[in-house]
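> I would like to see how this sequence folds:
(chains A and B)
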2 protein chains.
Amino acid sequence: MNFCSQCGSKVVLRIPQGEDRTRHVCDQCGTVHYQNPKLVVGCVPELPDGRILICKRAIEPRVGYWTIPAGFMENGETLQQAAARESMEEALAQVEIGSLLTVVHITPAHQVHVFFRAKLLSEDVGAGPESLDVRLVRPDEIPWEDIAFPSTEYTLQRYLEDRSSGADGHHFTELTRRFR
Amino acid sequence: MNFCSQCGSKVVLRIPQGEDRTRHVCDQCGTVHYQNPKLVVGCVPELPDGRILICKRAIEPRVGYWTIPAGFMENGETLQQAAARESMEEALAQVEIGSLLTVVHITPAHQVHVFFRAKLLSEDVGAGPESLDVRLVRPDEIPWEDIAFPSTEYTLQRYLEDRSSGADGHHFTELTRRFR
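As a prediction, this is how the structure comes out:
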């Protein structure tokens, strides 16, 4: 951040009065530009036969690697709506969002990733503009060596463990790597 | 948003190529300025005797009304760290963050509020710079008519219900009002 988005003046980095940390501040119009973590939201869509939906990324970062439907949450939607929207955008998939599965803090990237379990309502899926390919896979078919992000890998692992044990809880973790 | 924070040029509102919604775009340097929901994080600190910690707000919005420790999540911290930091800042309170309690979508305000249960580790609390007063209250002493925010009220209600029934789960909701 170099300029004030309100008035266009140069911003400076300093601790505003009454605060305890450095912010981008505009001394011209007085605006303090706070920067906060962003939410990335997704789900693990599962068919009644147990196969799950994965997507091969068509866009950076990690083009060509596999993930589950996920993306930045937009203003005006709930976490569940964001997860369903991403499933439709990335895999043309109709899903019913279920229970909370994982919350992954990627602290150096200033991101919080939130994943839900989901019912995939139809096998009629396909690659959206952000995907090169989509697949419905059994657990033994998951391409673990080609998973795009550590948060995806963590989420798929917890998902399969919980499914095996019949658990329906959620898991918090902190990961310091955004990419594999 | 009026100006590009990267190059200082005027931004325009339009749908960028390959996207489906209006964004603030800088046609000078090409930056798309995404705006995403912000996380507000807090907790319900409880003493072993069952009293809980509430704070009277010293800052806008809702000066003079009661809330529980909460505030905007900062970059570089986890949700749990944010909730503990806010408890210290607003009530000089040492807490141990427990299970997830509520997730409240305030969609018109572009905020997601996340609250945890917490152990209050000492009765030695006090008003931080953002509080006029703090109190340790029994359920029948909660000033329901003077609670600052609908998300606080929702969270305290779920907290007390769950405590009565011995439940330890979490609750999602969407509220369309930020203030009472």
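> was I right about residue A:14 contacting residue A:25?
Yes. Proximity of residue A:14 to residue A:25 meets the contact threshold set by CB atoms under 8 Å, at 5.6 Å. Any C-beta I mention is one placed from the backbone N, CA and C, and that applies to glycine too.
> the more surrounded of those two?
Set side by side, residue A:14 and residue A:25 show more neighbours around residue A:25, with 19 against 13, by other CB atoms under 10 Å in any protein chain shown.
> For the more buried one, list each beta-bridge partner.
residue A:12, residue A:32 (DSSP bridges).
> Let me know the distance separating it from chain B.
Distance of residue A:25 to chain B, computed by CB to the nearest CB, to the nearest Å: 13 Å.
> How about the contacts made by that residue?
A:11-14, A:16, A:31-33 (CB atoms under 8 Å, 6 or more residues apart in numbering or on different chains).
> hmm, 10 Å instead?
If you count contacts by CB atoms under 10 Å, 6 or more residues apart in numbering or on different chains, residue A:25 has them with A:4, A:11-17, A:19, A:31-33.
> Ok, residue A:59 next?
With contact taken as CB under 10 Å, 6+ apart, residue A:59 is in contact with A:90, A:129-132, B:18.
> Mutual contacts of residue A:14 and residue A:25, please.
Residues touching both residue A:14 and residue A:25 by CB under 10 Å, 6+ apart: residue A:32.
> top of the contacts of residue A:25 by neighbour count?
Going by other CB under 10 Å, residue A:4 tops the contacts of residue A:25 with 24 neighbours.
> leaving aside the residues next to it on the chain, what's closest to that residue?
residue A:26 (3.7 Å; CB to CB, 6 or more residues apart in numbering or on different chains).
> Could you measure from the most centrally placed residue in chain A over to residue A:112?
In chain A, the centroid-proximal residue (CA atoms, centre = their mean) is residue A:40; its distance is 3.1 Å. The gap separating residue A:40 from residue A:112 is 7 Å, by CB to CB, to the nearest Å.
> any residues in contact with both of these two?
By CB under 10 Å, 6+ apart, residue A:40 and residue A:112 have these common neighbours: A:73, A:104, A:106, A:151.
> wait, what's in contact with the first one?
In this case it means residue A:73. For residue A:73, the contact set (CB under 10 Å, 6+ apart) comprises A:38-41, A:79, A:81-83, A:85-86, A:112, A:114, B:36-37, B:39, B:105, B:110, B:112.
> Can you pull the phi/psi pair for it?
phi -70, psi 140 (degrees, to the nearest 10).
> Distance from stretch A:2-13 to the middle of the chain?
30 Å (CA atoms, centre = their mean, to the nearest Å).
> Endpoint to endpoint, that stretch covers what distance?
This stretch, stretch A:2-13, spans 10 Å end to end (CA to CA, to the nearest Å).
> mind listing the helices for chain A?
Applying DSSP state H to chain A gives helices spanning A:79-91, A:150-165.
> just those: most buried one?
Among these, helix A:79-91 has the highest mean neighbour count (mean count of other CB atoms under 10 Å in any protein chain shown), at a mean of 23.
> could you give the mean pLDDT of that one?
Helix A:79-91 comes out with an average pLDDT of 98.
> swap in stretch A:58-72?
What stretch A:58-72 shows for mean pLDDT is 97.
> how about the CA coordinates for that stretch, as CSV?
Extracted C-alpha coordinates of stretch A:58-72, given in CSV (Å, rounded to 0.1, in the frame of the first residue of the first chain):
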residue,chain,number,x,y,z
ALA,A,58,-6.4,-23.9,-14.1
ILE,A,59,-5.2,-20.7,-12.5
GLU,A,60,-2.2,-19.6,-10.4
PRO,A,61,-1.1,-20.4,-7.8
ARG,A,62,-0.4,-24.1,-8.3
VAL,A,63,-1.7,-24.6,-11.8
GLY,A,64,-2.1,-28.3,-12.6
TYR,A,65,-2.3,-29.4,-9.0
TRP,A,66,-5.4,-30.9,-7.3
THR,A,67,-7.6,-29.3,-4.7
ILE,A,68,-11.1,-29.3,-3.4
PRO,A,69,-13.6,-26.4,-4.2
ALA,A,70,-12.5,-23.3,-2.3
GLY,A,71,-11.9,-19.6,-2.7
PHE,A,72,-12.0,-16.2,-1.2
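> Where does pLDDT dip in chain A?
A:180 (pLDDT under 70).
> sorry, back to before: pipe the helices of chain A into TSV and attach distance to chain B per row.
Formatted as TSV, those follow (distance: least, CB to the nearest CB, whole Å):
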stretch	distance to chain B
helix A:79-91	7
helix A:150-165	14
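> before we move on, the earlier item: residues touching the closest residue to the residue nearest to the centre of chain A other than its chain neighbours, list them.
Computed as CB to CB, 6+ apart, the closest residue to residue A:40 that is not its neighbour in sequence is residue A:113, at 4.6 Å. Applying CB under 10 Å, 6+ apart to residue A:113 gives the contacts A:38-42, A:70, A:102-106, A:149-152, A:154-155, A:173, A:175, A:178.
> Sweet, I'm off.
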